[in-house]
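K.L.:
Quick one: sequence and predicted model below, then my questions.
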Amino acid sequence: MNRRRPVRATTLCCLTCRLVLIVLSTAVPCSAQDDAGLLRTSILMPDSDEFYRNNTTGHRSYVELDAIPFTISTTNESKAAVIVDEAKFHEAFTVRAGANTPVAVTLEWITIRRFGSEGPEATSGQDAVRINPNEMLTWNVAIRRLDGQRFTWGEYSVSFTVGELRRALSMPNAAIWPGRLTEGTYERLVSIKAPTTPTETVRRWAIAAGSASLRGDYESALQAWTRASAIDPESARSRLPRLYVLTGRYKEAVSAYEEKEARTGLSTVELGGLAEAYIGVGAEAKAFDTLLQTGASQQSVADEIATIRKRLSDRALELRR
């Protein structure tokens, strides 16, 4: 069950809003023995374009937002595993956001994802999670207004204060984590502004497409790239063929891949995509020849074609749901 844990509601200060990249790695490492390693925390605002103003990092959103999303990532740059008490970890973070009118906000913790895993999982906020050496955990969070209103056009300041992380950390043997931490307050500018140029409009749809693809919503990603392509055909030319395959539009995929092959050639990955599209339209002989171009043996190609048949069958069932 996805239980969202508010960290602290505060009143918004004044300033500007948009997606922000907050890299806590620039903070002065706090405390501890230098040889015990570093637990590095970074905060990113996804689905945005970064900019700088008066030595301040900002992020631009091209759409109004129900909530401002962030990712909070913690990387274990030490030689020992770290155990994180999620409840205490969440409590170490407070947030403020500000526009011209003060507003109360809360920070919601939504999902957690281990680097290299297939996808995020809902976080209860009550678990103890282990971060192995050189491993990263990422929490997806959202800043929401307590009055239920959206973050509309304008500029906002967003401030994360990170402190008392150490009380959330321990060694596998329950000893206190002895390493260094990144803590502090980080101010960023978030600008929510509609596109004003064709280039910005393309970016708006490209960001939407990327976000949809990460969610596995390939239909929405295809629609977004199609809208970007209507403004700048080159912006989506390399992306549309694969999305045609993922949405079961194999005839369109064949045309798109063949057109690109005639213009610039295809990479090994793209040849695999074309072969999949060929199988989708019943042209297995062409798929076989296409896969041979990757340098694979005939037996490997035959095995891959069997795998693709199964994949297409599974996709057909999924698309019918």
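P.N.:
Now that the structure is in, tell me what you want to look at.
K.L.:
helix, strand or coil for the most centrally placed residue in the chain?
P.N.:
Closest to where the C-alpha atoms of the chain average out (CA atoms, centre = their mean) is P46, at 5.9 Å. In the three-state summary, P46 is assigned as coil, counting by DSSP: H, G, I helix; E, B strand; the rest coil.
K.L.:
Could you check the pLDDT of it?
P.N.:
Per-residue confidence at P46 stands at 92 (pLDDT).
K.L.:
For it, give me its contacts.
P.N.:
Under the criterion of CB atoms under 8 Å, 6 or more residues apart in numbering, the contact list for P46 reads L19, P69, F70, T71, S211. Heads up, the C-betas are built off the backbone N, CA and C, glycines and all.
K.L.:
Relative to S267, which of those residues is nearest.
P.N.:
For S267, the nearest member of these is S211. The distance, counting by CB to CB, is 24.4 Å.
K.L.:
For the closest one, grab phi and psi.
P.N.:
In this entry, S211 is assigned phi and psi values of phi -60, psi -40 (degrees, to the nearest 10).
K.L.:
Just the C-alpha atoms of stretch 45-56, please, in PDB.
P.N.:
Coordinates of the C-alpha atoms in stretch 45-56 are reproduced here as PDB (Å, rounded to 0.1, in the frame of the first residue of the first chain):
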ATOM      1  CA  MET A  45      13.900  17.500 -10.000                       C
ATOM      2  CA  PRO A  46      13.000  15.300 -13.000                       C
ATOM      3  CA  ASP A  47      11.000  16.200 -16.100                       C
ATOM      4  CA  SER A  48      12.500  19.700 -16.400                       C
ATOM      5  CA  ASP A  49      15.100  21.800 -18.100                       C
ATOM      6  CA  GLU A  50      17.900  23.200 -16.000                       C
ATOM      7  CA  PHE A  51      19.000  26.900 -16.100                       C
ATOM      8  CA  TYR A  52      21.100  29.300 -14.000                       C
ATOM      9  CA  ARG A  53      20.200  32.700 -12.800                       C
ATOM     10  CA  ASN A  54      22.400  34.900 -10.500                       C
ATOM     11  CA  ASN A  55      24.500  31.900  -9.500                       C
ATOM     12  CA  THR A  56      21.400  29.900  -8.600                       C
END
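K.L.:
Show the average pLDDT along stretch 83-97.
P.N.:
Per-residue pLDDT values across stretch 83-97 average out to 95.
K.L.:
should've said stretch 175-189
P.N.:
According to the model, stretch 175-189 has a mean pLDDT of 88.
K.L.:
Tell me the buried residues in that stretch?
P.N.:
For stretch 175-189, the buried set under the neighbour-count rule, 16 or more other CB atoms under 10 Å, comprises W177, P178, G179, R180, L181, T182, E183, G184, Y186, E187, R188, L189.
K.L.:
do stretch 113-132 as well
P.N.:
Taking 16+ other CB under 10 Å as the neighbour-count basis, stretch 113-132 is seen to contain the buried residues R113, R114, P120, T123, G125, V129, I131.
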